[in-house]
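> the following block contains a protein sequence and its predicted model.
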Amino acid sequence: MEKALTVLKELKRSYPNAKYYLNFKTPLDLLVAAILSAQVRDEVVNDVTPALFAKYRTAKDYANASVDDLLKYVGKVTFAGNKAKNIIAACRIIEEKHSGKVPKDIDALVELPGIGRKTALVILANGFDIVQGVVCDTHVIRVSYRLGWTKNTNPEKIEKDLNALIPKDHWKETQWLLKAHGRAVCKAPTPVCSACPVQKWCLKAGVKKYI
Ligand code: SF4
């Protein structure tokens, strides 16, 4: 645990502005952005959401929209059609079962189309400051494995390993920091270990393959 905290401290020094990467103002904006963000660069999502959020402000607005309506705004996002369908279906459930409010409950969130455990954790942590686990996105999975923080490859097992290793008050920033490091230095497929501020604590320094 001490070593992991030292690494997090060093990463914070290297990435002082690391934060959640998708732009949003409300939990509903966040839910929509998070659904759109699967397998697409954050910049692409952040590019389309200002106009989308200006037009669609409530779950009811989305629930009453058609896929074609949403595609006018999100058409350039990967798998836009499926994501638009999921947004509409999720917002219909939010409207019908949750009085138009994004639920603050992980079990209710994962019942919504397009929302898995990872996205539910993201919404709870960043939308409501309810932190229930380390969010294991692709960067967190890669960097934590290389650092030797997990031997697992399954995201849910990795989350359990990280939750056990890292004190709860650092869970939220762990994703931000590992993602910042994964994008800048500990890249896939080849990390730039010579430029790594946490190289001396890394078990897989210089190893390209991570899983
Ligand atoms: S030493 Fe290399 S593999 Fe380890 S965290 Fe740094 S960049 Fe990643």
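On my side now, so go ahead.

> domain ranges for the protein?
By the assignment in automatic domain parsing, the chain contains the domains 2-18+134-201, 27-128.

> mind checking the SS state of residue 102?
Three-state call for residue 102 (DSSP: H, G, I helix; E, B strand; the rest coil): coil.

> returning to what we had before: in TSV: the domains of the chain, plus mean pLDDT and mean neighbour count.
No exception for glycine: its C-beta is placed from N, CA and C like everyone else's. As requested, the domains of the chain are arranged in TSV below (pLDDT from 0 to 100; neighbours: other C-beta atoms under 10 Å):
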stretch	mean pLDDT	mean neighbour count
domain 2-18+134-201	95	18
domain 27-128	97	18
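
> can you list contacts of stretch 25-43?
21-24, 45-46, 48-49, 52-53, 56, 58-59, 62, 74, 77-79, 83, 86-87, 90-91, 94, 101-102, 112, 114-115, 119, 122-123, 126-128 (C-beta atoms under 8 Å, 6 or more residues apart in numbering).

> how far off centre is that stretch?
Centroid separation for stretch 25-43 versus its chain: 9 Å, with C-alpha atoms, centre = their mean, to the nearest Å.

> now residue 188. Nearest residue, chain neighbours left out?
residue 142 (5.7 Å; C-beta to C-beta, 6 or more residues apart in numbering).

> thought the one you found was touching residue 185?
No: applying C-beta atoms under 8 Å, one finds residue 142 not in contact with residue 185, separated by 11.5 Å.

> so which elements touch the strand or helix carrying residue 123?
Using DSSP states H and E, residue 123 sits within helix 117-128. Here helix 117-128 touches helix 27-36, helix 106-110, helix 155-165, helix 171-184, going by 3 or more C-beta pairs under 8 Å, 6 or more residues apart in numbering; DSSP states H and E.

> wait, which of these is closest to the ligand?
When those are compared by C-beta to the nearest ligand atom, helix 171-184 sits nearest the ligand, at 6.7 Å.

> and the angle for the strand or helix carrying the residue nearest to residue 188 with helix 171-184?
Using DSSP H and E, the element containing residue 142 is helix 138-147. Interaxial angle of helix 138-147 relative to helix 171-184 (axes from the mean of the first three to the mean of the last three C-alpha atoms, to 10 degrees): 90 degrees.

> near the ligand, which residues of the protein show up?
Proximity of the chain to the ligand (C-beta under 6 Å from any ligand atom) is limited to residues 143, 146-147, 185-186, 191-193, 196, 198-199, 202, 204-205.

> can you pick out the most distant pair from the residues you listed?
147 and 192 (14.9 Å; C-beta to C-beta).

> name the element residue 205 belongs to?
Secondary structure (DSSP H and E) places residue 205 outside all helices and strands.

> does it touch residue 199 like I think?
Yes: counting by C-beta under 8 Å, residue 199 is a contact partner of residue 205 at 5.0 Å.

> quick check: neighbours shared by the two?
With C-beta under 8 Å, 6+ apart as the test, residue 205 and residue 199 both reach residue 193.

> what sits against residue 95?
Contacts of residue 95 by C-beta under 8 Å, 6+ apart are 59, 60, 63.

> go with 10 Å
58, 59, 60, 61, 62, 63, 64, 101 (C-beta atoms under 10 Å, 6 or more residues apart in numbering).
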